[in-house]
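[1] I would like to see how this sequence folds:
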Amino acid sequence: MTATAMSTADRLRALAAEQIARDAWSRDQLLAHQQERLRALLAHAREHSPYYRETLDGDFASLPTLSKATLMEQWDRIVCDPRLTRADALAHAAGADAAARLHGEFEIFSTSGASGLRGVFAFSAADWAIAMGSTLRGMVRMGARPGDRVVGIGAPGGAHMSKRIYAGFQATRGDAPELSALTPLPEMVAALNAYRPDVLVGYCSVGALLAAEQLAGRLEIAPRAVAFGSEPLTPEMRDRIEAAWGIDPCEYYVSTEQPVMAMSMPDHPRMLEVMEDLVVLEVVDADDRPVPSGTAGAKVLVTNLENRALPLIRYELPDRVTLSPDANPSGRPYLHLAAIDGRTADTLTFPGRDGGEVAVLPLRLGAPFARLPEVRQFQIVHEAGVLEVRVVLDAADTDVAARVRAAMAQAIADAGAVAPEIRVTPVLELEREPGAAAKLKLIVSRDLL
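    Numbers count the residues shown, from 1 in each chain. Presented below is the predicted three-dimensional model:
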């Protein structure tokens with residue numbers, strides 16, 4: 001490893017250690033730090049961003065929210081460095097050298113635009129060091145140690161954040177296999193069997209798929225620590241992962257806009273603590289009004305406290321989450337999430353049994369599969385009044401379609417709704433989202449009614 005690489009690694013370890021030390025803070029210390037970083041961010045944005053100079057007026061809770069559409073329209077006025085332009089950032093993200101720094105200084109990431117609008121995001125070298133430090137913080141908290149064989153399996157594209165984060169950690173050894181969510185499963189299994197990772201992280205759907213391979217005897221690894229995120233971690237996935245490796249997996253809640261929003265630890269793997277030293281996370285209804293703890297919001301407003309290149313202040317993410325009203329049982333100072341129900345757009349609406357319409361959450365729709373172990377993966381597609389359930393099976397099963405259909409109809413009935421026609425389609429593999437992210441979308445709504 002070169003001297004430069006060593007100094008970078010040392011810097012990341014120092015940043016991670018600094019952040020981990022905050023676990024011992026009191027709640028008052030944490031909130032004081034959060035407010036100090038928020039004041040510094042707002043002052044920086046007002047001074048360097050024409051857009052924020054016009055919009056940051058009043059107390060924080062009254063500031064306008066920032067949608068993805070507004071971000072992309074106003075990108076050149078939001079950025080705080082004149083060297084950055086939306087056109088250059090988009091071209092860089094689409095180019096062959098997307099993993100290199102733009103102008104030698106800025107990390108550029110894009111989102112696939114599966115929601116109808118592509119996004120592009122920028123971090124300065126200093127911003128990115130803090131983001132990488134926060135990811136290392138999560139690795140250390142989940143039990144990773146220096147010298148561990150780490151494998152991260154996320155997006156294939158160089159412009160996607162998961163690809164760059166995992167590549168950064170795997171580079172410390174230099175011998176880790178380069179895998180992505182699109183790597184053929186037999187090839188993935190062979191590479192992992194050869195490498196035998198100590199730590200396995202990545203997309204939830206990939207973790208569950210590999211767990212099924214382990215249970216089937218084709219994968220033979222014994223990771224000491226596992227963590228998954230970027231997609232819904234369903235109860236069925238969690239149970240399968242725990243059965244495969246004897247570990248209740250840690251979970252993380254991340255986005256391209258805010259690399260780490262919440263994460264769990266081995267002492268409470270199902271409790272995601274909000275990293276309030278790095279982010280202000282507001283859970284709100286559809287009209288941007290705060291919802292009380294214990295109530296699911298329609299979206300979250302994210303303020304990244306450590307991005308000075310492209311400040312994201314009260315940025316809208318269409319995620320349906322619930323803050324817990326209970327004290328953090330770990331004694332750490334952070335708020336924690338009671339539930340992540342998925343994207344609000346993934347909630348399906350059916351006619352109500354007693355009239356009107358009933359919204360059925362993704363979590364409810366996925367729950368039946370915890371009782372169907374022969375279904376390795378599933379995807380629910382709602383289109384033109386038909387609910388198609390695509391399933392990847394562990395083995396041929398002539399009866400599975402009827403059981404899936406009955407279980408899905410019962411889940412919808414339990415929600416007080418009338419189920420549409422339900423079709424069950426066995427497939428060899430499920431379609432992932434187009435573009436660089438290659439995430440697996442469990443609920444796909446194409447119903448325009």
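[2] what pLDDT does the residue in the chain sticking out farthest from the centre get?
    Largest separation from the mean C-alpha position in the chain: residue 354, at 36.3 Å (CA atoms, centre = their mean). At residue 354, the model reports a pLDDT of 82.
[3] Low-confidence stretches in this protein?
    Low-confidence segments of the chain, defined by pLDDT under 70, span residues 1-6, 112-117, 157-159, 171-172, 342-347, 361-363, 370-371, 396-398, 432-440, 446-449.
[4] Now the helix ranked longest in it: buried residues?
    With DSSP state H applied, the helix covering the greatest number of residues in the chain is identified as helix 27-48. Residues 30, 33, 34, 37, 41, 42, 45, 48 are the ones in helix 27-48 that count as buried (16 or more other CB atoms under 10 Å). Just so you know, the C-beta spots here come from the backbone N, C-alpha and C atoms, and that holds for glycine as well.
[5] just to revisit the earlier point, what are the phi and psi values for the residue farthest from the centre of the chain?
    Note on residue 354: its backbone torsions stand at phi -110, psi 20 [degrees, to the nearest 10].
[6] Which residues lie in contact with the nearest residue in space to it that is not next to it in sequence in this structure?
    The shortest distance from residue 354 to any residue other than its chain neighbours is 7.0 Å, reached at residue 416 (CB to CB, 6 or more residues apart in numbering). The contact partners of residue 416, by CB atoms under 8 Å, 6 or more residues apart in numbering, come to 352, 353, 354, 358.
[7] Could you report the distance from residue 416 to residue 282?
    30 Å (CB to CB, to the nearest Å).
[8] what comes into contact with stretch 29-47?
    Residues external to stretch 29-47 that are found in contact with it (CB under 8 Å, 6+ apart): 22, 25, 52-53, 56, 60, 80, 276-277, 280, 303, 305-306, 308, 311, 313, 333-334.
[9] Quick one, which of those residues are buried?
    22, 25, 52, 56, 80, 276-277, 280, 303, 305-306, 308, 311, 313, 333-334.
[10] Pick out the most distant pair among these.
    Among the buried ones among the contacts of stretch 29-47, the pair separated by the greatest distance (CB to CB) is 80 and 333, at 29.9 Å.
[11] before we move on, what SS does residue 381 have?
    Taken by DSSP: H, G, I helix; E, B strand; the rest coil, the conformation at residue 381 corresponds to strand.
[12] How about the contacts made by it?
    Contact partners of residue 381, counting by CB under 8 Å, 6+ apart, are 387, 388, 389, 390, 444, 446.
[13] Tell me how far the nearest residue to residue 311 once chain neighbours are set aside lies from residue 405.
    Taking CB to CB, 6+ apart, and ignoring the residues beside it in sequence, residue 311 has residue 45 as its nearest neighbour in space, at 4.4 Å. As judged by CB to CB, residue 45 and residue 405 stand 52 Å apart.
[14] Same check on residue 250?
    With the distance defined as CB to CB, residue 250 ends up 34 Å from residue 405.
[15] can you check residue 123 too?
    When distance is defined by CB to CB, residue 123 is 46 Å away from residue 405.
[16] So between those two, which is more surrounded?
    A direct count of neighbours by other CB atoms under 10 Å for residue 123 and residue 405 places residue 123 higher, at 26 against 17.
[17] quick one: that one from residue 354, how far?
    As for residue 123, its distance to residue 354 is 50 Å (criterion: CB to CB).
[18] swap in residue 132?
    The span separating residue 132 from residue 354 equals 52 Å under the rule CB to CB.
[19] Give me the buried subset of the contacts of residue 416.
    Looks like the contacts of residue 416 have residue 358 buried, using 16+ other CB under 10 Å.
[20] Same list, the contacts of residue 416, but as JSON lines with secondary structure and distance to residue 240 please.
    Putting those into JSON lines (DSSP: H, G, I helix; E, B strand; the rest coil; distance: CB to CB, whole Å) gives the following:
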{"residue": "352", "secondary structure": "strand", "distance to residue 240": "33"}
{"residue": "353", "secondary structure": "coil", "distance to residue 240": "32"}
{"residue": "354", "secondary structure": "coil", "distance to residue 240": "36"}
{"residue": "358", "secondary structure": "strand", "distance to residue 240": "29"}
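[21] farthest-separated two in the contacts of residue 416?
    Spatially, the most separated pair among the contacts of residue 416 is 354 and 358, at 9.1 Å (CB to CB).
[22] circling back to that earlier point, looking at the buried ones among the contacts of stretch 29-47, which is nearest residue 210?
    residue 334 (29.7 Å).
[23] would the closest one count as being in a helix?
    No: when three-state DSSP is applied, residue 334 is found to be coil, with no helix at that position.
[24] Alright, calling it a day.
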